[in-house]
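Coordinates only, no sequence provided:
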């Protein structure tokens, strides 16, 4: 619904034209002030209430004054030593406490609902997620749904994860299989790294084409093609074919081999950032950003544990930011 306001109208006319909008806004402000009022009564002073709520005493006073203006009656007798409720204050306190209790009841109902969801969920994940912010989302899921038992398997080989009995997998790159659902969880930037010792005596590459002259450590499930994004300077998308020296089946192994001075590799930026910051590795072609890679949740369309799987996928998408596939 589109709302249009004639700015030539007087304020009194606006009050008559938009009663529901102004009423809702007033109620929202009043609910906040009612919570402050209850805390003042419980604490016995404005200062103690302010400390408990992390507000200034003047803000607390403002909330009480706003309530008193709204009902056009005093709620609290104030003196230098203590506070006392007026007759109207006693009545209003009960209403305010009922309001807070209703809110707490709502939160408890939702909490008990999530705790009642139970079962086992088998999840396959890339090894990189064992040391990244993404893993914090998984622990957050376990905290929110304590009766769901998670069975986690970290591997970069996902070609048969459904056949192996996993309910859902997080994978880098979309799996082209009509029997699977795919949801993009996030896009991940990648970087090329090498150790300073490996680079000794070698000319640093100045363009993607020169990367073919270096030793590469490569993930088995990755295409041996590097794609570089176009940039604002007008540089076009660039691709380079790579002939790896060594293949590995997980990204943590490729990181370890780079630290052993055996060549270059590609890692998600969140995996390499500590090594780059410490100087253990150097970033290659930092001005040539690689194409990002999507982290997808993938699960069978005929999932045996559809409810648990959907809850997990929706939770991860919400925590990490997503767009639907």
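Good, I have the coordinates. Bear in mind that the values here come from a model prediction, so they are computed numbers and not experimental data.

remind me, longest helix of this protein?
helix 87-116 (DSSP state H).

Could you look up the next helix or strand downstream of it?
Using DSSP states H and E, the next helix or strand after helix 87-116 towards the C-terminus is strand 119-125.

Please state the offset of that next one from the chain centre?
Centre-to-centre, strand 119-125 and its host chain are 20 Å apart (Cα atoms, centre = their mean, to the nearest Å).

does residue 262 belong to a helix or a strand, and which?
With DSSP H and E as the test, residue 262 turns up in no helix or strand.

I'd like to know how far it sits from residue 286.
Taking Cβ to Cβ, to the nearest Å as the criterion, residue 262 is separated from residue 286 by 21 Å. Heads up, the C-betas are built off the backbone N, CA and C, glycines and all.

Which parts of the stretch 151-300 of the chain are strands?
Using DSSP state E, counting those that start in this stretch, the strands of the stretch 151-300 of the chain run over 168-172, 180-188, 190-194, 217-219, 225-228, 238-241, 246-248, 265-268, 282-284, 293-300.

now the longest helix of the chain: mean pLDDT?
Averaged across helix 87-116, pLDDT comes to 79.

sorry, back to before: residue 27: which of the strands of the stretch 151-300 of the chain is closest?
Minimum separation from residue 27 across the strands of the stretch 151-300 of the chain (Cβ to Cβ) falls at strand 180-188, 37.5 Å.

Show residues contacting that closest one.
If you take Cβ atoms under 8 Å, 6 or more residues apart in numbering as the criterion, strand 180-188 is touched by 134, 162, 170, 172, 174-175, 268-270, 292-301, 313, 316-317, 320-325.

how much does it deviate in direction from strand 293-300?
160 degrees (axes from the mean of the first three to the mean of the last three Cα atoms, to 10 degrees).

pLDDT (mean, whole number) over strand 180-188?
Strand 180-188 carries an average pLDDT of 89.

buried ones in that strand?
180, 181, 182, 183, 184, 185, 186, 188 (16 or more other Cβ atoms under 10 Å).

Next, the angle strand 168-172 makes with it.
Using the same axes, to 10 degrees, strand 180-188 lies at 40 degrees relative to strand 168-172.

ok so, going back, please indicate which of the contacts of strand 180-188 are buried?
134, 162, 170, 172, 268-270, 293-300, 313, 316-317, 320, 322.

give me the number of residues near the closest residue to residue 93 other than its chain neighbours?
Nearest residue to residue 93, sequence neighbours excluded (Cβ to Cβ, 6 or more residues apart in numbering): residue 41, at 5.8 Å. Applying other Cβ atoms under 10 Å, we find 19 residues neighbouring residue 41.

now swap in the one 4 residues further on and tell me
Using other Cβ under 10 Å, residue 45 has 14 other residues around it.

could you check the distance from it over to residue 274?
The gap separating residue 45 from residue 274 is 49 Å, by Cβ to Cβ.

one step back: elements contacting the longest helix of the chain?
helix 19-43, helix 57-71 (3 or more Cβ pairs under 8 Å, 6 or more residues apart in numbering; DSSP states H and E).

Could you list the buried residues of the last one?
Yep, that's helix 57-71 we're talking about. 60, 61, 63, 64, 66, 67, 68.

who are the neighbours in contact with the closest residue to the second one other than its chain neighbours?
In space, and not counting its chain neighbours, residue 61 is closest to residue 46: 5.9 Å by Cβ to Cβ, 6+ apart. Contact criterion Cβ under 8 Å, 6+ apart gives 40, 57, 60, 61, 64, 83 as the residues in contact with residue 46.

Can you tell me the element the nearest residue to the second one once chain neighbours are set aside falls in?
Spelled out, that is residue 57. In this structure, residue 57 finds its nearest non-sequential neighbour in residue 50, 4.5 Å apart by Cβ to Cβ, 6+ apart. Using DSSP H and E, the secondary-structure element containing residue 50 is helix 46-53.

mind giving me the domain ranges of the protein?
Here the domain parsing of the chain from automatic domain parsing is 11-115, 118-173+299-320, 190-291.

Lowest average pLDDT across those domains?
Mean pLDDT values for those show the minimum at domain 11-115, a mean of 78.

Work out the gap between that domain and the centre of the chain.
Distance, centroid of domain 11-115 to centroid of chain: 32 Å (Cα atoms, centre = their mean).

same thing with stretch 137-147?
Taking mean C-alpha positions (Cα atoms, centre = their mean), stretch 137-147 and its chain are 14 Å apart.

mind listing what's buried in it?
Per 16+ other Cβ under 10 Å, stretch 137-147 contains these buried residues: 137, 138, 141, 145.
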